[in-house]
Every structure is written in structure tokens, then in C-alpha cells.
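Engineer: Here you go, sequence then predicted model.
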Amino acid sequence: METESPALPRRTKIVATLGPATDHKMVLDGIMRAGVNVVRVNFSHGTADDHRRRVQSVRDNPVAADRHVAILADLQGPKIRIGNFSGGTVDLEDGQCFVLDPNRDQPGDVDGVGVTYPSLTEDLQVGDTLLLDDGRIRVIVEEIKDGRVFTRVRMGGRLSDNKGINRLGGGLSAGAFTDKDRADVKLAAELEVDYLAVSFVRDAEDVREARRMLDAVGSQAAIVAKIERAEAVENIEEIVRAADAIMIARGDLGVELGDEELPAAQKNFIRLARSLDRVVITATQMMESMIENPIPTRAEVFDVANAVLDGTDAVMLSAETAVGHHPDKAVAAMARICIGAEKHPHAKHSQFRMNENFHRIDEAIAMASMYTANHLEATAIGALTESGATVLWMSRISSGIPIYALTPHGTTSRKVSLYRGVYPIAFEPLSEDSAEINEAALAELRKRGAVQPGDRVILTKGDRVGRHGGTNAMKIVEVGDGA
């Protein structure tokens, strides 16, 4: 079994999707040892009991417990889909007419099919391009009549049941939450997930609505806004500010924007999220060939590496681990690529916020610590933290220096597991004396092999241990000098 090298701690985190493949204990053990930091529970597939069982299997896994693996629940959202065909599939020819009918109750055929979105005709105009099955089929709207959409096939092929529909350029305005999503928010609260991903976000109000739903069921989960609609691109800054994190979901986003627009958009989103102190996950088809194959393509290697060099906090595996034939190899390969990319000087240096003013003391301490650590060649940073805010700010600065989040709270440990370059350590100060706390923190880091005698370490903490937002001190210590 391949595992990460302890000599090269990987800064970029790996999100792996649970599914039938990981239901086997050996497979779950394998992906955990290979380096998973966050597991994704995809509410688009499986039953509530499936999700309960999978979450419990992660919590029972000793490697996951030691690494403080976080759990991300992903809402299905209002994906607009076609209905079923009487034969399961149809073959559409270029130039033929094909009718999309929201009112059709009967199975579809080669001439037309039902649609799950009742308001389809209200959102379309003659001349619009519709993309079916992630753009594999393209049709042009020629007429809207009697509640039906008459289209002409421009790029044909085989179309099967329940495939998605997008409009090139966006504009299909289904609401962000379905009845299923609202039920799944309650399930997410029951499962005590650490992150909730909201699909097909259009604007900041969708994020705020998700937060109200979480508050109503007593969940403290952080919100990940999935960027996969053209409308989200237009509202990207307000969405990033409203959310705790974003996920660049490149499947539907690429369909709506066009593939040629996607690389620059990804780079811009990562840059924006980091500049606004938000976490960012890059997702969709990163190692797609490894669903079947034991090694990635060179294009996939470059895709993952480029996301790392751009500053993403995490890269995500979907079908590769959920239903793939080589889940552990996919995680191990992704980990190797991340470590390789992180060796590049571009991934270790940053001028971020060098000319800005800070508005909070704990934020200023975080920035000063990163500046000092990077210029003093410190071995590590040890941050005593209650909420994880200090290490989030630290992690926005590109660096090769590990940031250890020393916290007594399991929820904080799991949350920071998604932050780039941050490693959670369970730590409960047994004294209120500053020198004794420093000594205990260094002892914990030494015990875990993070530092050695003679190493310089930056420690941050607050005068009042246990107070949220109370970090107000930074100290440079040398391991073995009595702190």
C-alpha cells in the first residue's frame, strides 16, 4: 500500500467521494492510508441509510480518526434533467427535430422526451443552444409552442435516461433547493457533518438560505458554494463572501460557460477565494481515467498540478473513489502529484496582503507569524486555536512551512483539515501559565515528529486560553531551550 512520505507533508488536501467501492473495509482503509483528508457524501446517489452507514464507517476508521478526517455532505440540488425513454436510450441524428416537453408523462422516444423542469419554456428563446448529457448532445431551439420546445439537433449521438440539460450561457433558473435537499439538510445535521456543499448556487441569497436551513436544524456545518452555473460566475464575489468555501464544479460549469472559458475562470476563482480568506476545492474529472486504469494520464497529472500551483486548498475525487476500480491508487497518485507540484518555488512564496491594513488583532498576529516564519526559515508554526480562524488566515499565505492547529475541539480539528498547509493536532492545555503551555505545545510537536531539538518554531496563542478570537501573541522559540 502506497502512503505519503512523512518527510514531505502534503499541503494540498484530498477530498474523496464515498460510494459502493468504498463500502469494502479494505478499500476504505486503503484510501485513508493513501492520504484522504475529507470524505464527500454525495446525496445525489444512495439512500439515507447508505449515508449513515458510510459516515459511521469513516468515524470508526482509526486512520481517519487520527488524521481528523472531515465529512462533507453534498446536496443534489435542482439539476434539470430529461425523463426516461421507452428503450432506455435513443440515437439522435444531426439535423433531426427533437421535442422537449415538460408536460409529457409518457416515456420518450427518438422524436422527443419529457423534462423535469415545468418552467423550461419560460426561460428559453428561439436560437438558444441547449446542451444535453454534459454537452455531448447539442440542440438549437427553433420554436416554443403549446408548452413544448421544438429543437433541431446540431450534434447528435446516443442519449439515455435522466441526463442533464443546460443552456449555453446559463439562464435556466430553477431554485437552489428542492424538497429532497431540505430533507437532506436535516440528514446532514443528524450526521453532524463538517461541511455542506450547496449545488447550483446562483447568488449570495442561495448561500444565506442554506445557512438559515442549517441554523434551523441546529447544525454548525460550514457552507461550500458549488460554482457550476453561469449566473454564479456573474455573482462570484458576493457568493464567495457569503460562503465559507467554494467548490469549482467543472462539469456543469464547463457546459454552461464553454470549455474554452474554464481554465481562466478556475484560476480567477482560486485567486479570488484566497484573497477573501475563503477555502477553495477544485473538482470534477481530475483523475477520471483512473475509474478504470491504475495510473493517470499525463493530462490529468498536469490538471492536478496546475490547480496546486494556482493555490487550491483541495483537489477532489468523485467516481474515481466512489465506483472506481482503483480508489487507493487514485488517492496515492493524486497525493504524489500534489507533493511534486508543491516543491516548485511558485507554490512556496506569496506577496498576498503585504500592503494591506488588518482590522483584528488575531488576524494581524496570523499575518506577522507567516511573514516571520517565511523569512526566518522556521521549521513549523504551532497555533493554539479555538475556532480555526487564525490558521485559516495563515493558510492564505503561500509557504512551505507546516502550520499545526493545536486545538481541544474535534469540530475545529476536522474543519481545518480542509485548509491548505494546516495539520490539526488534539491539544488541551493543562495549565494557564504561558511558559508551561509553550513547553507542552513543543512537547506535543516533538512527540509527533514535527520538530526536532534545535528547530525554530513560531507559536501563537491568546492570553486567555479557551477564548474565541483571542490570539494576541506570537513567540519565536527553539526546541529544547525550555520555551
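Structural biologist: Done, it's in.
Engineer: what's the burial count for V479?
Structural biologist: V479 has 19 neighbours, counted by other CB atoms under 10 Å. In this view, the C-beta of every residue, glycine as well, is placed from N, C-alpha and C.
Engineer: Need the per-residue pLDDT for it.
Structural biologist: pLDDT recorded at V479 is 91.
Engineer: my guess is it contacts P453, does it?
Structural biologist: Yes. In this structure, V479 is within contact of P453 by CB atoms under 8 Å, at 5.3 Å.
Engineer: shared neighbours of those two, which are they?
Structural biologist: Residues touching both V479 and P453 by CB atoms under 8 Å, 6 or more residues apart in numbering: R446.
Engineer: The protein - how does it break down into domains?
Structural biologist: Using automatic domain parsing, the domain parsing of the chain gives 13-77+176-343, 89-167, 361-478.
Engineer: What helix or strand is the residue positioned nearest the centre of the chain located in?
Structural biologist: Among the residues of the chain, the one closest to the centroid is I281, at 3.5 Å (CA atoms, centre = their mean). Here I281 sits within strand 279-283, counting by DSSP states H and E.
Engineer: quick one: contacts for the residue nearest to G421 when sequence neighbours are not counted?
Structural biologist: Sequence neighbours aside, R11 is the residue nearest to G421 in space, at 4.0 Å (criterion: CB to CB, 6 or more residues apart in numbering). Residues counted as contacts of R11 (CB under 8 Å, 6+ apart) are C338, E342, A347, G400, P402, R420, G421.
Engineer: Hmm, A383 and the fifth one touching each other?
Structural biologist: Which is P402. No. P402 lies out of contact with A383 (CB under 8 Å); the separation is 10.9 Å.
Engineer: who has more neighbours, those two?
Structural biologist: When neighbours are counted by other CB under 10 Å, P402 and A383 differ, and A383 comes out ahead with 29 against 19.
Engineer: what ranges do the strands span in the stretch 101-250 of the chain?
Structural biologist: 112-114, 129-132, 137-145, 148-155, 157-160, 165-167, 195-198, 222-227, 245-249 (DSSP state E, counting those that start in this stretch).
Engineer: same question, the stretch 351-483 of the chain
Structural biologist: 380-384, 403-407, 422-426, 456-462, 471-478.
Engineer: so which of those strands comes closest to K180?
Structural biologist: K180 lies closest to strand 422-426 among the strands of the stretch 351-483 of the chain, at 32.7 Å (CB to CB).
Engineer: Pairing partners for that closest one, with directions?
Structural biologist: Sheet pairing of strand 422-426 (DSSP bridges) gives strand 403-407 (parallel).
Engineer: picking up where we left off before, list the ones among the contacts of R11 that fall in helices.
Structural biologist: Per DSSP state H, helices hold the following members of the contacts of R11: C338, E342.
Engineer: closest to V233 among the contacts of R11?
Structural biologist: R420 (23.3 Å).
Engineer: pretty sure that closest one is touching S395, no?
Structural biologist: Yes. R420 lies in contact with S395 (CB under 8 Å); the separation is 5.1 Å.
Engineer: The host helix or strand of L28: how far from the chain's middle?
Structural biologist: Using DSSP H and E, L28 sits in helix 25-34. On the basis of CA atoms, centre = their mean, to the nearest Å, helix 25-34 sits 20 Å off its chain's mean C-alpha point.
Engineer: Mind listing the shared neighbours of R420 and S395?
Structural biologist: Taking CB under 8 Å, 6+ apart as the contact rule, the neighbours common to R420 and S395 are D313.
Engineer: on that earlier part again, and the contacts of R11, which is the shakiest by pLDDT?
Structural biologist: A347 (67).
Engineer: Below-threshold pLDDT in this protein: ranges please.
Structural biologist: For the chain, the stretches with pLDDT under 70 are 1-8, 347-357, 463-469, 481-483.
Engineer: Of the domains of the chain, which is nearest G83?
Structural biologist: Using CB to CB, the nearest of those to G83 is domain 89-167, at 3.4 Å.
Engineer: Identify the residues contacting stretch 401-412?
Structural biologist: Contacts of stretch 401-412 (CB under 8 Å, 6+ apart): 9, 11, 68, 194, 220, 373-374, 378-388, 391, 394-395, 413, 416, 419, 421-429, 441, 444-445, 450.
Engineer: Next, format the strands of the stretch 351-483 of the chain as CSV and append distance to H325.
Structural biologist: Output for these, formatted as CSV (distance: least, CB to CB, whole Å):
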stretch, distance to H325
strand 380-384, 38
strand 403-407, 35
strand 422-426, 31
strand 456-462, 43
strand 471-478, 46
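Engineer: Nearest to D49, out of those strands?
Structural biologist: The nearest among those, by CB to CB, is strand 422-426 at 29.6 Å.
Engineer: Buried residues of the closest one, list them for me.
Structural biologist: V422, Y423, P424, I425 (16 or more other CB atoms under 10 Å).
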